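> I would like the atomic coordinates for the input below:
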Amino acid sequence: MSRPVPIRVVVAKPGLDGHDRGAKVVARALRDAGCEVIYTGLHQSPEQIIATAIQEDVQAIGLSILSGAHMTIFARIMKLLRESKAEDIVVFGGGIIPEADKIVLKSMGVGEIFTPGTPTTEIISWLENAVTVKI
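Predicted coordinates:
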């Protein structure tokens, strides 16, 4: 990454899903690409994720959701960002999410959804293009 200031990103596992391998792979790839990554760990509530994102002054939030609760969790995240006047934080996610749901999530303001098997280089490239770093 050739940025004067690294992208700061929260990677989070909301809800009760305990499958965090994908989140850890993405977090490591982002770190290796020069991002400052804050990994929140398992079982985070949307409120905890937003509080961390604001406290850490991040430009992006990446959510890994494999529980099937993606519609509810992303909707709550986007609502909390609006209520916190933090809509400038880019939200992206990954998991097993049907194509029809991706369309709805993007209409809510979610930047991108990556499904299993997406190369981490694709995620990094997308994030670099999606984020405007605060200087």
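> Can you tell me how far A69 is from G41?
Taking C-beta to C-beta, to the nearest Å as the criterion, A69 is separated from G41 by 18 Å. Quick note: C-beta positions are derived from backbone N, CA and C, even for glycine.
> and these two? which has more neighbours close in?
A69 (15 against 12; other C-beta atoms under 10 Å).
> Next one: the residue of the chain positioned farthest from its centre from R82, what distance?
Most distant residue from the mean C-alpha position of the chain: P4, 21.8 Å away (C-alpha atoms, centre = their mean). Distance from P4 to R82, counting by C-beta to C-beta: 29 Å.
> same check, this time on R21
Here the distance between R21 and R82 works out to 31 Å (C-beta to C-beta).
> ok, now D20?
With distances defined as C-beta to C-beta, the gap from D20 to R82 amounts to 27 Å.
> Looking at the two, which is more packed in?
Of the pair D20 and R82, D20 is the one with more neighbours under other C-beta under 10 Å, namely 18 against 11.
> Report the buried residues of stretch 20-31.
Using 16 or more other C-beta atoms under 10 Å as the burial criterion, the residues of stretch 20-31 that qualify are D20, G22, A23, V26, A27, A29, L30.
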